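From the sequence below, what's the structure:
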Amino acid sequence: MKLDPRSIPYRAAERVLRLGWPLLFVVASGTPTVGSIGPIGPVGPLVIALVVLGGLGVLVGWQVAVYKRFAYEVTADTLDIRSGVLSRREREIPLRRVQNVDSSRNVVQRALGIVDVSVETAGGGATEARLRYLSTGDARRLREDLRRRERDLDADDGTMDEAARADRTPADRTPTELFAIRPRELVLFGLVSIDLRLLSLATILLPLFGPPLASLMSSDGVPVGPAGVLVLAPATAAAFVLLSGLASGAFKAANYYDFRLSRTDDDLRYERGLLQRNEGTIPVEKIQALAIEANVSARLAGYATLAVETAGYAPGQGPSGGSEAAVPLATRERCLTLARSIEPFELPEFSRPPKRARTRYAVRYTALVCLLTGLAWAVTRLFDVTFAWYAVLALLVAVPVAAHLKWANRGYALGEGYVFTRNGVWTRTTTIVPDYRIQTVAETRTIFQRRRSLATLTVDTAGAGGSRVARAVDIDAETAAELRKDVSERLQRALAARRADRARRADRASHGSTPAHPLAEDLIDPAFRTVGTVDDAPTDGGEHGDGNDSSEGDEHDGEDGHDASTDGDRGDDVGRNTDAPASNDVDSTDGADSDDADSDVTPSDRDGGEGTDDSDGDGSGSDGRE
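Below is the predicted model of the structure:
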């Protein structure tokens with residue numbers, strides 16, 4: 001199968017625009033042009049036109065060559081990609097390693113009917129393969145074909161019941177809408193998504209716009225001096241923060257415009273975006289953890305965000321910039337209901353850290369206030385500025401409140417089959433990790449924690465990252481040691497149960513494929529022919545996937561992704577797979593330079609090519625990525 005022919009002019013136009021920005025900058029900056037240097041003669045314009053047309057011809061010809069040399073194919077168990085103009089590259093990506101298939105279209109791409117498709121695999125922090133660009137129909141067929149063949153592999157291995165496979169009729173695969181954002185929720189989402197970290201932008205722009213604005217405060221146009229700047233600087237910074245915050249909120253609202261989440265079989269399907277339309281699938285059986293997040297303003301309004309994590313990439317690292325957000329904003333009750341449709345958990349009562357942890361936070365914040373007071377005093381000594389520097393000490397009044405809020409918003413709990421953690425004051429994150437998804441259990445103690453007999457327990461998964469990692473912070477050291485052992489034992493029990501479940505499925509599949517005796521039907525009483533056996537009953541864990549993704553940890557041969565070993569003396573590390581590369585693909589090249597224009601190979605491919613051939617239009621050929 002090939003890329004869409006309309007990708008040729010679009011990719012050529014992309015390259016022209018990228019090369020045109022430096023030229024536009026040169027012209028705008030007043031750099032001497034050819035005409036200003038001297039006369040170019042009557043044939044000068046013709047020569048320039050020929051050079052431009054020749055460059056465009058070479059660029060279009062190169063894109064045609066890229067198109068002709070790129071092909072992909074979905075086999076019984078791999079996604080094969082062949083590409084390269086000067087150097088041929090062939091890649092095989094095992095279907096079992098595919099975690100997410102995402103697609104994105106901007107306004108121009110939607111008008112042309114082409115789609116940018118990204119394939120994520122287990123253990124990769126970046127896009128494993130990128131196909132730029134397919135037609136809308138081809139992109140949809142590729143996504144469906146990958147999932148169908150992966151299910152066929154599960155059925156062939158006995159990890160899916162034959163009855164369940166037979167039940168997957170086209171009528172049953174009709175998407176069921178789980179969530180659609182409402183206009184009121186979209187507006188509220190833009191307001192509560194204002195990023196206060198944009199204050200750094202104000203600190204950059206303030207020196208540029210501060211002096212001109214300061215001169216406006218005097219009627220005769222003379223700056224008012226340091227005192228006026230001290231008054232104007234906070235106001236200017238506040239204005240920049242407000243404007244940039246509103247801009248970020250508008251961007252978020254446009255990014256999640258018309259957000260819809262539906263479920264087909266065992267897949268979550270999302271689509272969203274106003275200018276950039278993103279679509280993708282998230283296999284339910286490959287979800288590693290759930291997270292319910294809410295900042296202060298969202299909590300006051302009773303709203304929250306539901307996020308999911310897969311082994312393909314950590315949150316925020318997806319090619320579409322947010323495919324991990326199952327629900328961008330909804331009432332907390334709706335978020336919990338949707339989360340329970342993925343994992344049937346019940347929120348338990350959280351245990352808070354000991355009160356000596358709150359004392360630790362108070363000491364920390366007191367030290368911070370003292371540091372700020374010292375900086376204010378230094379400003380009065382080093383600069384010709386006089387103000388009440390000791391007024392900063394008034395922040396000490398807020399120290400007990402801040403310490404208590406930090407302590408009250410932290411907690412941990414062990415539920416039936418799940419580990420729960422809660423952290424964050426401004427943005428509170430509740431992380432839910434199934435026992436069978438745990439990869440490592442680590443107990444750490446800093447020098448300050450050891451002084452107060454505190455510790456932090458980290459429960460990691462294959463896809464967790466950033467603030468969504470399950471951490472029980474500043475809990476009692478003895479409690480942390482007991483939890484570490486308990487969680488490790490729970491993991492082993494969950495893995496044993498899933499191995500037994502897989503064995504039962506394989507056994508039923510093998511018996512189901514054995515021809516029955518010709519007289520068997522005559523020997524069975526008709527009244528009992530439709531009665532199932534005990535083995536036909538659903539088993540624990542059967543609804544959570546087949547255990548074949550990268551994070552199940554239930555095999556030791558590298559096929560299922562991770563080993564399930566524990567070490568009680570060293571943090572009960574149930575470690576990651578070391579038997580196979582993270583991407584588990586086969587990558588070969590036959591030249592020194594590389595031209596994988598559309599698979600967008602990651603640095604982890606280790607293909608040995610130098611990658612000097614930049615044919616994908618992203619200017620990254622010098623570092624080996626196309």
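
where in the protein is pLDDT low?
For the chain, residues meeting the criterion pLDDT under 70 lie at 22-44, 123-126, 155-173, 195-237, 241, 312-325, 463-467, 509-626.

Check which residues of the helix of greatest length in it are buried.
Counting by DSSP state H, the longest helix found in the chain is helix 477-512. Buried residues in helix 477-512, counted by 16 or more other Cβ atoms under 10 Å: 477, 479-481, 483-484, 487-488, 490-492, 494-495, 497-499, 501-502, 505, 508-509. (Each C-beta comes from the backbone N, C-alpha and C, glycine too.)

packing partners for it?
Using 3 or more Cβ pairs under 8 Å, 6 or more residues apart in numbering; DSSP states H and E, the elements in contact with helix 477-512 are helix 162-167, strand 411-414, strand 438-444, strand 454-461, strand 470-476.

Repeat the analysis, applying 6 Å as the threshold.
With contacts taken as 3 or more Cβ pairs under 6 Å, 6 or more residues apart in numbering; DSSP states H and E, helix 477-512 sits against strand 438-444, strand 454-461.

between these, which gets nearest to Leu3?
Smallest distance to Leu3 across these (Cβ to Cβ): 35.1 Å, for strand 454-461.

Give me the sheet partners of the closest one and which way each runs.
According to DSSP bridges, strand 454-461 forms sheet pairs with strand 438-444 (antiparallel), strand 470-476 (antiparallel).

would you list the helices and strands packed on helix 477-512 in TSV and tack on mean neighbour count?
Listed next are these as TSV, based on neighbours: other Cβ atoms under 10 Å:
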stretch	mean neighbour count
strand 438-444	21
strand 454-461	23
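
I'd like to know which of those strands is closest to Ala376.
Of all these, it is strand 454-461 that lies closest to Ala376, at 32.0 Å by Cβ to Cβ.

residues making contact with that closest one?
288-289, 357, 419, 433, 437-445, 449, 470-474, 477, 480, 483-484 (Cβ atoms under 6 Å, 6 or more residues apart in numbering).

Nearest to Val379, out of the strands paired with strand 454-461?
That would be strand 470-476 among the strands paired with strand 454-461, by Cβ to Cβ, at 34.1 Å.

export the helices and strands packed on helix 477-512 to a markdown table and tack on distance to Val51?
As requested, the helices and strands packed on helix 477-512 are exported to a markdown table (distance: least, Cβ to Cβ, whole Å):
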| stretch | distance to Val51 |
| --- | --- |
| strand 438-444 | 57 |
| strand 454-461 | 55 |
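
Out of the ones you listed, which gets nearest to Val60?
The nearest among the helices and strands packed on helix 477-512, by Cβ to Cβ, is strand 454-461 at 46.4 Å.

Could you tell me the angle between the closest one and helix 477-512?
Calculated by axes from the mean of the first three to the mean of the last three Cα atoms, to 10 degrees, strand 454-461 forms an angle of 20 degrees with helix 477-512.

quick one on the thing from earlier: which of the helices and strands packed on helix 477-512 sits closest to Ala239?
Closest approach to Ala239 among those (Cβ to Cβ): strand 454-461, 40.0 Å.

Okay, domains of this protein per the record?
Residue ranges for each domain of the chain read 1-30+42-156+591-626, 184-255, 355-406, as given by automatic domain parsing.

what comes into contact with the helix or strand encompassing Ala330?
Using DSSP states H and E, Ala330 sits within strand 325-331. With contact meaning Cβ under 6 Å, 6+ apart, strand 325-331 is reached by 179, 185, 189, 256, 259, 302-303, 305-308, 335, 338.

what's the closest of the residues you listed to Glu14?
In terms of Cβ to Cβ, no member of those lies closer to Glu14 than Tyr256, at 25.6 Å.

Please report how far the residue nearest to the closest one when sequence neighbours are not counted lies from Leu178.
Spatial nearest neighbour of Tyr256, excluding adjacent residues (Cβ to Cβ, 6 or more residues apart in numbering): Pro328 at 4.5 Å. Pro328 sits 13 Å away from Leu178 when distances are taken as Cβ to Cβ, to the nearest Å.
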